[in-house]
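# Generate a structure from the sequence data that follows.
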Amino acid sequence: MVPSESALAVPGLDANTIPLDVYRIREDFPLLKREVHGKPLVYLDNAATTQKPQAVLDALMEAYSGYYSNIHRGVHWLSQQATTAHEQARRKVKEFLNARHEREIVFTRNATESINLVASSYGRAFLREGDEILISALEHHANIVPWQLIGEEKGLKLRVIPMNDAGELLLDEYPRMLTEKTKFVALSHLSNALGTINPVKEMIRQAHERGIPVLVDGAQSAPHLKVDVRDLDCDFFVFSGHKLFGPTGIGVLFGKEKWLDRMPPYQGGGDMIHYVSFEKTYFNEIPYKFEAGTPHIAGAIGLGAAIDYVRAIGMDAIAAHEHELLEYATQVVSQYPEVRIVGTAKNKAGVLSFLIGEIHPHDIGTILDQEGVAIRTGHHCAQPVMDRLGIPATARASFAFYNTKEEIDILGKSIQKVLEVFR
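Down below sits the predicted model:
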């Protein structure tokens, strides 16, 4: 998959990382071969969702056509095969995150449901009226609204770590906001709106010094950065399969065993039970205690295939390639005086949000689409970020390891097209 060329010099990454053979990799993604409006597709909407390699599509087809059955309770051959494949996927997630035990890996629908599970279950068990939950100004709605819901139910206060105009958290403020009332911290690892990489390891350390557990929203970081939950020492970590080149409808919650054991079930139903009578229900062991009903069996298997795929490429190599794309894209769009880059943090991943003069981002996205370029426009489910920056929306190009510099050149030419239309 990789040629024997000299290594990229990328800050914070292994200097011996070998550049990707991106053109070879692109052959693995059928959808990237198509045309849009008569022009080659340039897919730059990876922060919203990613395309799927053939290996994932094959794994899904094999799961449905080769051994599909319900899992865990069947004694027949198909059920045993499906159960084995499903639990192998859990093991792959455990290894991908470097968790200690497979029982610390809970399958959900997506990162959003994972956060809702923690907010509801941990919140009901451990949070009391007057307690404070600390989040950051960079959060996606999925890491705001669940805490507001449990906060309204239990009389909790939500406090927000502020950010500067570059999209960086004001880290001097953070330790001062960790008070005796702070009972939980929930932080994004990587901002979907601006690309900012937060120093979550240090922030977790400071919270733990005060005995405060921390959830990390890794929806954006898991597909693009190497994640080690033991090194981070986070109490919870969440991500979505569809952003990690896997299927939709499958997500992951990593939770330290000490918390999952003590948290009540999130939903009730089949497979999360050990024994049911009309008088009392005894719950299953973790992680099954949090997996009510028939799970997304094929989705978990497809996620396992996606993890195999990205691990074969190498997360360091992926991060290095995307870092190079971000630097190149920043240079390309900066040649136009009318373009304003939104989000200029020193530590960023492959997200480039921008504005072009007074042109509405939706108009930018529409013209780029006619050129075959797919980007995202709007508030990116991060309205508080937009409010803080005094803007309603941005145009956002976001990169994956299958993107090329030639595609970024097309992005630049398409921006020129936007300027020509509105002049």
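# alpha carbons only for contacts and neighbour counts from here, please
OK.
# and the protein, what are its domains?
22-33+314-422, 57-311 (automatic domain parsing).
# Could you export those domains to CSV, including columns for mean pLDDT and mean neighbour count?
Conversion of the domains of the chain to CSV gives the following (pLDDT from 0 to 100; neighbours: other C-alpha atoms under 10 Å):
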stretch, mean pLDDT, mean neighbour count
domain 22-33+314-422, 97, 19
domain 57-311, 96, 20
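# hang on, Tyr122 packs against Met263?
Yes - counting by C-alpha atoms under 8 Å, Met263 is a contact partner of Tyr122 at 5.7 Å.
# Between the domains of the chain, which one is closest to Lys39.
Closest approach to Lys39 among the domains of the chain (C-alpha to C-alpha): domain 22-33+314-422, 5.4 Å.
# what's the span of that closest one, first residue to last?
Length of domain 22-33+314-422, first residue to last, C-alpha to C-alpha, to the nearest Å: 35 Å.
# In contact with the residue nearest to Gln51 when sequence neighbours are not counted, which residues?
In space, Gln51 comes closest to Phe245 once its chain neighbours are excluded; the distance is 5.7 Å by C-alpha to C-alpha, 6 or more residues apart in numbering. Going by C-alpha atoms under 8 Å, 6 or more residues apart in numbering, Phe245 touches Thr49, Thr50, Gln51, Lys52, Pro53, Val56, Pro223, Leu303, Ala306.
# contacting residues around the last one?
Which is Ala306. Pro53, Ala55, Val56, Leu244, Phe245, Gly246.
# Take those and write them to TSV, including secondary structure and distance to Glu322.
Shown next, in TSV, are the contacts of Ala306 (DSSP: H, G, I helix; E, B strand; the rest coil; distance: C-alpha to C-alpha, whole Å):
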residue	secondary structure	distance to Glu322
Pro53	coil	18
Ala55	helix	22
Val56	helix	21
Leu244	helix	14
Phe245	coil	15
Gly246	coil	19
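# What is the helix or strand harbouring Gln331 packed up against?
Secondary structure assignment for Gln331, by DSSP states H and E: helix 315-334. Helix 315-334 sits against strand 339-342, strand 351-356, helix 405-422, with contacts defined as 3 or more C-alpha pairs under 8 Å, 6 or more residues apart in numbering; DSSP states H and E.
# For Ser398, find the nearest of these.
Going by C-alpha to C-alpha, the one of the helices and strands packed on helix 315-334 nearest Ser398 is strand 351-356, 4.4 Å.
# tell me the angle of the next helix-or-strand element following that closest one relative to helix 405-422?
On the C-terminal side of strand 351-356, the nearest following helix or strand under DSSP H and E is helix 361-370. Using axes from the mean of the first three to the mean of the last three C-alpha atoms, to 10 degrees, one finds that helix 361-370 and helix 405-422 are set 120 degrees apart in direction.
# Give me the sheet partners of the helix or strand just after helix 361-370 and which way each runs.
Sequence-wise, the next helix or strand beyond helix 361-370 is strand 373-374, with elements assigned using DSSP H and E. As defined by DSSP bridges, the strand partners of strand 373-374 come to strand 42-43 (parallel).
# Show residues contacting the strand it pairs with.
Leu32, Gly372, Val373, Ala374, Ile375, Asn403, Glu407, Ile410.
# now do stretch 366-378
Contacts of stretch 366-378 (C-alpha under 8 Å, 6+ apart): 35-45, 48, 361-362, 365, 392-398, 410-411, 414-415, 417-418.
# thinking again about what came up before, identify the farthest-apart pair in the contacts of Ala306.
Among the contacts of Ala306, Ala55 and Leu244 lie farthest apart (C-alpha to C-alpha), at 13.2 Å.
# Would you map the strands across the stretch 1-150 of the chain?
Along the stretch 1-150 of the chain, the segments classed as strands by DSSP state E, counting those that start in this stretch run 35-36, 39-40, 42-43, 105-108, 132-136.
# Not counting its neighbours along the chain, what's nearest the residue nearest the centre of the chain?
Geometric centre of the chain, nearest residue: Ala219, 1.3 Å, by C-alpha atoms, centre = their mean. Closest residue to Ala219 apart from its sequence neighbours, by C-alpha to C-alpha, 6+ apart: Phe239 at 4.2 Å.
# Could you do Tyr174 as well?
Counting by C-alpha to C-alpha, 6+ apart, the residue nearest Tyr174 is Ile161, at 6.2 Å.
# What residues are bridge-paired with that neighbour?
Applying DSSP bridges, one finds that Ile161 bridges with Ser136.
# Now Leu253: phi and psi?
phi -120, psi 120 (degrees, to the nearest 10).
# does it have beta-bridge partners, and which?
Val106, Val238.
# just checking, it touches Cys234?
No - using C-alpha under 8 Å, Leu253 is not in contact with Cys234, being 11.8 Å away.
# Where do the helices of the stretch 51-200 of the chain begin and end?
54-66, 77-97, 111-126, 145-154, 174-177, 200-208 (DSSP state H, counting those that start in this stretch).
# contact partners of the fourth one?
Residues lying outside helix 145-154 but in contact with it, judged by C-alpha under 8 Å, 6+ apart, are Ile115, Asn116, Ala119, Ser120, Gly123, Leu127, Arg128, Glu129, Ile133, Leu156, Lys157, Leu158.
# Could you pull up the residues touching the third one?
Remark: with contacts taken as C-alpha under 8 Å, 6+ apart, Ala119 is in contact with Pro146, Trp147, Ile150.
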